[in-house]
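Novice: Need a 3D model of the following:
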Amino acid sequence: MNYTFTNTEINNKKASDFETKSLLYLISRKKEIEYITFDCFNDVSGVNKNHDKIWDVQSKNEKSLTPKKIGKYLFTLFDNYISTFSFHEFIFFSPILNENYKINSKLNVYNLDNIEETTLKRILNGLTEEVERVKGDSFDYSEKIELFLRKVFIVEDNSTENEYIKSVTKFKKVGIKSDDFYTSIFTDLRNIQSAKKNTYIENEIISEIRDVLTFNRHLTKKDIEILIISRIIGVEIFNYASIPITFFPIIKSFDNEEIKDILQECNSNLSRAFFNKNSNRVFWNVCEKIIIFLNDNKSSDVEYIYSETFKDYTFRISYLKDFTIKYLISIIIEGTK
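Specialist: As a prediction, this is how the structure comes out:
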């Protein structure tokens with residue numbers, strides 16, 4: 001059971017905005033996804049933690065997509081459908097299609113049941129022609145094509161770059177940073193994605209889904225969340241090497257060994273809160289509360305910020321202790337400077 005990488009983008013130096021949008025769509029909507037791969041199985045693909053499911057995305061940013069072109073572009077998805085690997089979902093990520101193609105023109109995520117009959121026939125013809133061009137006509141793929149088309153979802157791009165970034169955060173109030181700020185994070189992510197694709201894997205063969213990770217053409221969902229939260233806070237929160245200035249008054253009465261233990265525990269607790277799926281949302285919520293308070297108040301008194309921000313807040317996560325929250329407040333104050 002092998003999979004050969006073909007038609008990869010060789011020496012690609014710029015990942016398109018559209019592919020970055022599609023990866024953000026995947027991680028914000030498909031909770032099982034743990035890894036996002038770039039230009040391996042397809043433009044963008046999601047892989048779950050157990051490496052036994054792949055969410056496959058073919059993205060085409062063309063303003064005037066004819067039905068025949070749509071069919072042609074579905075070929076890479078179909079080729080994965082008939083491969084030996086387990087592809088869980090097939091997504092065609094596109095601009096908003098001509099409303100005449102659709103039965104319900106208000107839908108932006110739909111399967112081909114929502115495609116008008118004449119349009120669907122033209123899509124089928126486009127795919128069939130491409131399959132015959134690439135595969136030849138020695139085998140009849142008509143039945144497999146029909147089954148495949150039942151599994152395809154079309155996802156129309158109807159959001160801006162900053163909205164896709166916001167969709168990944170777990171903030172309830174998305175306006176805590178400007179749209180330009182979120183767009184700049186999108187650009188950073190696109191550039192990272194581009195760098196990941198600057199390797200040559202054409203004709204490489206893997207025997208298991210997990211083997212794709214050896215090419216380092218991927219990011220984890222947590223990589224992307226860390227990028228976003230670190231940019232929002234202003235520092236690399238999980239690689240913060242020094243003691244925040246505003247944290248000194250809180251620990252000044254302790255000796256050096258005690259301070260070392262406190263910092264280690266605070267860092268450990270923050271990492272635990274972020275990386276544990278049961279407390280990750282709480283972590284984002286706590287950060288949001290601190291950022292909102294600092295946006296409205298210029299105080300750098302950590303004790304005051306803590307008492308005002310969390311006076312009516314019940315911490316249900318045992319390892320989010322007073323010291324840890326005050327340490328986080330101090331880091332965020334440093335970042336805002």
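Novice: how close does I209 sit to I333?
Specialist: Distance, I209 to I333, by CB to CB, to the nearest Å: 43 Å. Backbone N, C-alpha and C define where each C-beta goes, glycine included.
Novice: typo on my end, S207
Specialist: When CB to CB is applied, the distance between S207 and I333 equals 50 Å.
Novice: now do K21
Specialist: Here the distance between K21 and I333 works out to 33 Å (CB to CB).
Novice: Hmm, V286 and L320 touching each other?
Specialist: Yes - contact criterion CB atoms under 8 Å: L320 and V286 qualify, at 6.9 Å.
Novice: Could you say which helix or strand holds D140?
Specialist: In this structure, D140 sits in neither a helix nor a strand according to DSSP states H and E.
Novice: quick one, phi psi at L219?
Specialist: With angles defined as degrees, to the nearest 10, L219 sits at phi -130, psi 150.
Novice: since we're on it, how many residues are nearby?
Specialist: L219 is flanked by 20 other residues according to other CB atoms under 10 Å.
Novice: what residues are up against it?
Specialist: Residues counted as contacts of L219 (CB atoms under 8 Å, 6 or more residues apart in numbering) are 23, 35-36, 192-193, 196.
Novice: Return the closest of the residues you listed with respect to I251.
Specialist: Lowest distance from I251 to the contacts of L219 (CB to CB) belongs to I192, with 35.3 Å.
Novice: What's the first helix or strand after the helix or strand hosting the closest one?
Specialist: Secondary structure from DSSP H and E places I192 in helix 179-196. In the C-terminal direction, the helix or strand that comes right after helix 179-196 (DSSP H and E) is strand 205-206.
Novice: Which parts of the stretch 1-150 of the chain are strands?
Specialist: 3-4, 33-38, 44-48, 54-59, 87-94, 109-111 (DSSP state E, counting those that start in this stretch).
Novice: Can I get those in TSV including distance to L213?
Specialist: Putting the strands of the stretch 1-150 of the chain into TSV (distance: least, CB to CB, whole Å) gives the following:
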stretch	distance to L213
strand 3-4	13
strand 33-38	7
strand 44-48	8
strand 54-59	12
strand 87-94	17
strand 109-111	28
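Novice: got the residue ranges for the helices in the stretch 51-200 of the chain?
Specialist: Read by DSSP state H, counting those that start in this stretch, the stretch 51-200 of the chain holds these helices, from start to end of the chain: 67-73, 75-81, 117-135, 142-149, 161-168, 179-196.
Novice: May I have the longest one exported as PDB, CA atoms only?
Specialist: So the one you mean is helix 117-135. Once side chains and other backbone atoms are set aside, the C-alpha atoms of helix 117-135 remain, and they are given as PDB (Å, rounded to 0.1, in the frame of the first residue of the first chain):
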ATOM      1  CA  GLU A 117     -28.500  19.200 -13.200                       C
ATOM      2  CA  THR A 118     -27.100  20.700 -16.500                       C
ATOM      3  CA  THR A 119     -24.200  22.100 -14.600                       C
ATOM      4  CA  LEU A 120     -23.500  18.800 -12.900                       C
ATOM      5  CA  LYS A 121     -23.400  17.000 -16.200                       C
ATOM      6  CA  ARG A 122     -20.800  19.400 -17.500                       C
ATOM      7  CA  ILE A 123     -18.800  19.000 -14.300                       C
ATOM      8  CA  LEU A 124     -19.000  15.200 -14.800                       C
ATOM      9  CA  ASN A 125     -17.900  15.600 -18.400                       C
ATOM     10  CA  GLY A 126     -14.900  17.700 -17.400                       C
ATOM     11  CA  LEU A 127     -13.800  15.200 -14.800                       C
ATOM     12  CA  THR A 128     -14.300  12.200 -17.100                       C
ATOM     13  CA  GLU A 129     -12.200  13.900 -19.900                       C
ATOM     14  CA  GLU A 130      -9.400  14.600 -17.500                       C
ATOM     15  CA  VAL A 131      -9.400  11.100 -16.100                       C
ATOM     16  CA  GLU A 132      -9.200   9.700 -19.600                       C
ATOM     17  CA  ARG A 133      -6.500  12.100 -20.600                       C
ATOM     18  CA  VAL A 134      -4.300  11.200 -17.600                       C
ATOM     19  CA  LYS A 135      -5.300   7.500 -17.000                       C
END
